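# 3D model of this:
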Amino acid sequence: MQELRLPNTAVTTRDKTKSLQMADLGGSKTGERPKWNNKAQYLLSCIGFAVGVGNVWRFPYLCQIHGGGAFLIPYLIALVFEGLPLLYMELAIGQRLRKGSVGVWNSISPYLGGVGIATMLISFLVTLFYNTLVAWILWYLFNSFQDPLPWAQCPLNDNHTGYNKECEESTPVNYFWYRETLDITADIEISESPRWWMVVSLATAWSVVYICFIRGIDTIGKAVYVTVTFPYLVLTIFLVRALTLPGATDGLIYLLSPEWETLKNPQVWLDAATQIFFSLSVAFGGLIVFSSYNPLHNNCERDAVVVGLVNSGTSLYASISVFSILGFKARANYITCLERNILALTNHFEIADQNITVQNYDQWVEYLNGTYPDEVSSLSLSLCNLKTFLDQSASGTGLAFIVFTEAVIAMPGSQVWAVLFFIMLFSLGLSTMFGNLEGVLNPLQELNMVPKWIAKEFLTGLVCLICFLLSLIFTLGSGNYWLEIFNTYVGSVPFLIIAFFEVVGVMYVYGLRFSEDIFFMTGTKPNLYWKVCWMVISPLMLLVVFIAYVAVQTQKRPSYSPWNPDYVDFPKMNVQPYPDWVYGIIILLSALPVAPIPLVALYRLIFRRSSGVNRNPHVNDGYAVET
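Numbering: from 1, shown residues only. Model prediction:
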């Protein structure tokens with residue numbers, strides 16, 4: 001073997017690898033770096049980290065509002081030229097340098113050390129609100145064992161003389177979500193006290209995460225066998241059942257029918273780029289940590305393609321089940337609407353019930369409207385249109401806790417389907433939490449912020465406890481408003497900025513050594529497609545998406561939709577702008593995760609000049625490449 005030494009290099013790769021193995025990064029008691037027991041555990045952990053609840057409740061929504069099948073075109077373009085190259089890059093750099101997110105970027109350049117800290121901060125902030133989603137799912141799962149389902153009908157009022165007014169004016173599913181689950185306030189500035197049932201659910205969610213994570217990848221590797229595979233079993237069961245429901249075809253046609261005109265809307269391309277980017281969980285740091293536990297000579301290119309395709313395939317697979325069920329719901333609401341109109345017509349015109357049916361409704365309305373137009377108009381019949389019901393989209397929590405739960409009520413054996421659905425969401429959320437938490441714990445150890453004598457189990461428990469206490473803000477009466485803020489502004493611009501510095505750092509600071517490293521690990525150099533994406537297309541796409549996103553956000557004042565039973569048009573929501581002080585917090589949340597990138601670079605530049613150090617800042621002392 002010929003050894004290529006870089007400037008100021010003191011040790012060989014073999015020596016470096018040995019020293020890395022002796023570093024305690026939270027692994028075994030012997031001090032060696034943790035390793036996956038087998039390749040299946042690694043792939044399942046990466047897939048579980050990438051595939052989350054967003055695949056079930058975000059991707060179908062984007063397809064629905066952006067032209068159905070037409071949305072797949074910008075989505076696939078973003079996958080090929082943005083998602084897969086960034087995923088491959090993170091897996092390769094972590095596997096080669098054998099370090100976590102902080103160690104990797106310090107090795108590439110001390111000036112890029114802030115990138116690793118930024119990934120730790122963003123993983124921490126995302127972990128806070130993401131496990132709150134898991135807590136909500138647990139709450140619904142617990143209530144799914146009741147018969148009848150508690151969101152199937154309105155509760156009685158305090159006097160037991162009728163049904164609750166707020167529930168009657170909205171719907172039982174809305175009431176159970178906003179009042180029984182969140183007990184939401186009518187204004188973000190009104191917080192009130194934590195809801196005890198949400199505190200218990202949140203504590204349970206963090207306890208489960210801690211138990212599964214207690215010994216790092218030793219316990220994660222075993223848990224993913226269940227948390228990753230079970231959702232696919234449930235999705236398959238749902239798919240088979242959903243395709244047999246009346247109206248399933250309507251939902252699938254609505255989903256897949258392309259509206260090509262929507263491709264002229266820049267927002268479609270922006271949403272496609274951000275969806276594939278966030279869906280693959282790049283820029284969190286967790287994938288870098290996971291890949292660093294791999295054998296050195298592992299085919300990371302194949303891993304990236306497998307994880308990326310499985311993630312996108314899961315989104316498409318879930319969409320078929322979701323829209324089959326939503327088509328069933330829309331068909332049921334459409335028929336209910338017609339039946340109410342038929343009852344009004346038969347009572348007014350004294351027509352026999354059997355004469356007007358759902359099948360001949362249109363002919364009867366046309367006849368009566370032509371013969372007695374004034375009388376038909378006075379009845380104020382509802383406008384029953386199947387497409388209108390299909391257009392009633394909901395994103396995020398609305399799809400899972402409102403639209404889907406309402407559809408489940410009408411399904412035979414609704415209790416069973418509700419239990420399966422929320423167990424599936426719980427498994428998806430839990431497997432994603434493993435990657436999020438690893439993106440926090442590993443950097444803490446690499447930054448030497450934790451004394452060596454503290455056991456990994458204690459550190460994990462301490463981090464989980466801190467996260468739980470901070471997450472209590474989401475259990476307040478205004479908690480849902482704050483979760484939307486975190487989800488919208490933490491999970492947007494910071495990821496784009498971090499990923500941009502990652503790809504620029506690897507390509508233009510680490511440079512040609514990256515191709516040599518991949519050749520050393522896999523036996524083949526990256527082909528032209530990967531190189532062009534890394535050097536030109538991916539950073540350019542990230543830059544364009546960032547500029548477009550900022551341009552869109554600055555055109556309008558950030559706003560939210562409070563749930564206010566006293567609003568004159570309730571249950572419609574009156575969109576309100578955020579107060580100025582909340583707007584300030586939004587800016588802080590968007591800037592805080594990426595602040596270490598320039599701050600660390602500036603600090604090390606000043607330190608280098610003040611100390612008179614004169615060396616290449618792009619070379620990490622002691623690193624060599626073996627060829």
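# most remote residue from the chain's center?
T371 (55.1 Å; Cα atoms, centre = their mean).
# distance of it from R58?
Separation of T371 from R58 (Cβ to Cβ, to the nearest Å) stands at 49 Å. Where C-beta positions appear, they are placed from N, C-alpha and C, glycine not excepted.
# Quick one: distance of stretch 196-203 to the chain centre.
22 Å (Cα atoms, centre = their mean, to the nearest Å).
# And for stretch 367-384?
So, by Cα atoms, centre = their mean, the centroid of stretch 367-384 is 47 Å from its chain's centroid.
# likewise stretch 60-74?
With Cα atoms, centre = their mean as the basis, stretch 60-74 stands 17 Å off its chain's centre.
# now swap in stretch 470-481 and tell me
Distance, stretch centre to chain centre, for stretch 470-481: 19 Å (Cα atoms, centre = their mean).
# again with stretch 535-551
21 Å.
# go on, stretch 576-595?
Relative to the centre of its chain, stretch 576-595 is centred 20 Å away, using Cα atoms, centre = their mean.
# end to end, how far does that stretch reach?
30 Å (Cα to Cα, to the nearest Å).
# If you count neighbours, what's buried in it?
For stretch 576-595, a neighbour-count test (16 or more other Cβ atoms under 10 Å) marks 578, 582, 585-586, 589-590, 592-594 as buried.
# which residues touch stretch 167-184?
Contacts with stretch 167-184, where a contact means Cβ atoms under 8 Å, 6 or more residues apart in numbering, come from 136, 139-140, 150-155, 164, 166, 195, 198, 397, 401-402, 405-406, 409, 477-481, 562-563, 565, 570-571.
# can you tell me the average pLDDT over that stretch?
For stretch 167-184, mean pLDDT rounds to 91.
# in it, what counts as buried?
Buried residues in stretch 167-184 (16+ other Cβ under 10 Å): 167, 170, 172-184.
# Would you mind confirming that F277 is in contact with A78?
Yes. Between F277 and A78 there is a contact under Cβ atoms under 8 Å: 7.2 Å.
# Point out where the stretch 501-627 of the chain drops to low pLDDT.
In the predicted model, the stretch 501-627 of the chain carries pLDDT under 70 at residues 612-627.
# quick one, strands of it?
Under the criterion DSSP state E, counting those that start in this stretch, strands of the stretch 501-627 of the chain are mapped to 559-560, 576-577, 624-626.
# Could you please name the strands the first one pairs with and the direction of each pair?
This points to strand 559-560. strand 576-577 (antiparallel) (DSSP bridges).
# Contacts made by the strand it pairs with with the rest, please.
187, 557-562.
# follow-up on the earlier one: helices - which of the buried residues of stretch 167-184 land there?
Judged by DSSP state H, those include 167, 172-175 as members of helices.
# how about the contacts of strand 576-577, which pair is most distant?
Spanning the widest gap among the contacts of strand 576-577 are D187 and R557, at 16.5 Å by Cβ to Cβ.
# Looking at the two, which has the bigger crowd around it?
Legend: neighbour count by other Cβ atoms under 10 Å for D187 and R557, higher for D187 (16 against 9).
# Am I right that N106 is in contact with I117?
No. Counting by Cβ under 8 Å, N106 stays clear of I117, with 9.9 Å between them.
# closest to S515 among the ones in helices among the buried residues of stretch 167-184?
Distance to S515 across these (Cβ to Cβ) is lowest for V173, with 54.1 Å.
# measure that closest one to A205 for me?
If you measure V173 against A205 using Cβ to Cβ, the figure is 22 Å.
# before we move on, what about V365?
Relative to A205, V365 is positioned 51 Å away (Cβ to Cβ).
# Give me the more crowded residue out of the two.
With other Cβ under 10 Å as the criterion, V365 and A205 differ in neighbour count, and A205 comes out ahead with 27 against 18.
# Low-confidence regions, the stretch 51-200 of the chain specifically.
For the stretch 51-200 of the chain, not a single residue meets the criterion pLDDT under 70.
# hmm, try it at 90
Applying pLDDT under 90 to the stretch 51-200 of the chain flags residues 51-72, 100-101, 147-148, 153, 155-165, 168-171, 173-174.
# Same question for the stretch 251-400 of the chain.
In the stretch 251-400 of the chain (pLDDT under 90), the answer is 251, 253-283, 285, 319, 321-334, 336-400.
# In it, what residue spans correspond to helices?
Using DSSP state H, counting those that start in this stretch, the helices of the stretch 251-400 of the chain run over 266-279, 286-292, 300-349, 361-371, 373-378, 386-390, 397-398.
# just those: most buried one?
A comparison of the helices of the stretch 251-400 of the chain by mean neighbour count, using mean count of other Cβ atoms under 10 Å, puts helix 286-292 on top with a mean of 29.
# Tell me where the stretch 401-550 of the chain has helices.
404-409, 414-446, 456-471, 479-485, 493-504, 513-522, 528-532, 538-554.
# Let's see the ChimeraX selection covering just the buried ones among the contacts of strand 576-577.
Paste this into ChimeraX to select the buried members of the contacts of strand 576-577, with burial taken from 16+ other Cβ under 10 Å:
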select :187,560,562
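# ok, for the most centrally placed residue in the chain, nearest residue in space, not its chain neighbours?
Nearest residue to the geometric centre of the chain (Cα atoms, centre = their mean): G54, 4.1 Å. Counting by Cβ to Cβ, 6 or more residues apart in numbering, S279 is the residue found nearest to G54 once chain neighbours are left out, at 6.0 Å.
# follow-up on the earlier one: tell me which of the helices of the stretch 401-550 of the chain lies nearest to S191.
helix 479-485 (8.3 Å).
# Distance from the chain centre to stretch 523-542, please.
The chain centre lies 26 Å from the centre of stretch 523-542; the measure is Cα atoms, centre = their mean.
# First-to-last residue distance for that stretch?
By Cα to Cα, the extent of stretch 523-542 from end to end equals 30 Å.
# Name the residues of that stretch that come out as buried.
So stretch 523-542, judged by 16+ other Cβ under 10 Å, has buried residues 526, 530, 533-535, 538-539, 541-542.
# just curious, which of those is nearest to D250?
Using Cβ to Cβ, the buried residues of stretch 523-542 come closest to D250 at M541, 35.6 Å.
# quick one: the closest one from A78, how far?
Distance of M541 to A78, given as Cβ to Cβ: 7 Å.
# which neighbours do those two share?
A273.
# Check what contacts stretch 512-530 and list those residues.
Contacts to stretch 512-530, defined as Cβ under 8 Å, 6+ apart, come from residues 85, 88, 92-93, 95-96, 296-301, 506-507, 531, 534, 625-627.
# Oh, that last question was meant for stretch 198-205, not what I typed.
Identification of contacts with stretch 198-205 by Cβ under 8 Å, 6+ apart yields 131-132, 134-136, 138-139, 142, 181-182, 468, 471-472, 474-475, 479.
# at 7 Å instead, please
Contact with stretch 198-205 is made by 131-132, 134-135, 138-139, 468, 471-472, 475, as judged by Cβ atoms under 7 Å, 6 or more residues apart in numbering.
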